[in-house]
Each structure stands twice: as structure tokens, then as C-alpha cells.
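just coords:
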């Protein structure tokens with residue numbers, strides 16, 4: 001149970017321990033379904049006052065990143081599973097999850113979804129194995 005392996009993050013009070021405040025790049029906003037910005041109008045449970053992270057509409061032509069704190073290496077006992085809910089409302093939008101290790105300059109893309117105009121919340125779980133510390 002090392003690091004953040006079982007923390008639950010719902011963005012209700014803040015950005016959770018996983019994200020540094022200063023790593024919320026311009027473009028990401030913390031909001032709920034009552035914000036008047038547009039869909040989604042509720043979180044994945046149908047709660048319109050629950051908070052989630054969203055890209056602002058000005059960001060349609062560029063990208064914005066969320067970066068976690070550093071996770072500890074995984075092994076047989078400490079497997080890292082990240083479960084999250086996502087909503088894609090733009091045909092040309094791509095949501096990517098990447099892995100950054102201290103020994104590598106580039107971010108390795110480990111999951112992505114794009115071009116799905118679902119307009120509904122979907123759940124996904126990613127299992128991460130890493131022999132060194134990493135950020136997601």
C-alpha cells in the first residue's frame with residue numbers, strides 16, 4: 001500500500017494529493033455541472049454539484065497537462081492501478097495517459113482515447129509496472 005495506491009480522489013475539496021496545485025496547467029478548471037459552462041452537467045454518479053476537472057473552451061486548439069506526484073516503484077506486492085472516469089465531448093479531442101520516469105526525458109504514452117463523441121462518462125483502469133519512481 002505504498003504512496004497513493006489506495007487514495008480516492010474526487011476533486012470535491014481540492015486537487016487531491018496526487019496533483020500539485022502548480023501542476024494544474026492553464027486550461028484545466030475545477031468545476032461542477034452547475035457551472036453553466038456546458039456538458040457534462042453532472043459527475044459520473046449523476047450529481048450536478050460534485051466537482052470534476054474540465055478543459056476550458058478556450059483550449060480547443062491546444063493541449064493541457066495534469067501531472068501527478070511521484071509514485072514509488074512497483075513490485076509483486078505493490079501493483080499500481082489507477083481508475084478514473086473520463087468524458088470526451090469533442091470529436092478531435094485526445095485524452096492521453098503517460099508515464100514519466102526520472103531516467104527518461106520523454107513521456108511514454110500508455111493509454112489514449114480520441115475521436116469518440118460519446119457524451120457520457122466512461123470508466124477506465126490502468127495497471128502500471130515500473131522498476132523506478134514515476135509520475136503519471
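Arrived safely. Computed from a predicted structure; not experimentally measured.

Phi, psi for residue 53 please.
Main-chain torsions, residue 53, degrees, to the nearest 10: phi -100, psi 140.

partner residues bridging it?
residue 30 (DSSP bridges).

How many neighbouring residues does it have?
By other C-beta atoms under 10 Å, 17 other residues sit near residue 53. The C-beta positions use only the backbone N, C-alpha and C, and glycine is treated the same way.

Surely it is in contact with residue 11?
Yes. Using C-beta atoms under 8 Å, residue 53 is in contact with residue 11, at 6.0 Å.

Identify the contacts common to the two.
Jointly contacting residue 53 and residue 11 under the rule C-beta atoms under 8 Å, 6 or more residues apart in numbering are residue 30.

domain ranges for this structure?
Domains of the chain are assigned by the TED database as 10-63, 70-135.

May I see these organised as a markdown table, with mean pLDDT added?
Listed next are the domains of the chain as a markdown table, based on pLDDT from 0 to 100:
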| stretch | mean pLDDT |
| --- | --- |
| domain 10-63 | 80 |
| domain 70-135 | 86 |
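
And the strands in this structure?
28-32, 51-55, 80-86, 94-99, 108-114, 122-128 (DSSP state E).

want to try TSV for those, with distance to residue 73 as columns?
As requested, these are exported to TSV (distance: least, C-beta to C-beta, whole Å):
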stretch	distance to residue 73
strand 28-32	28
strand 51-55	27
strand 80-86	9
strand 94-99	12
strand 108-114	15
strand 122-128	10
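
and among those, the most buried is which?
The highest mean neighbour count among the strands of the chain, using mean count of other C-beta atoms under 10 Å, belongs to strand 51-55: a mean of 19.
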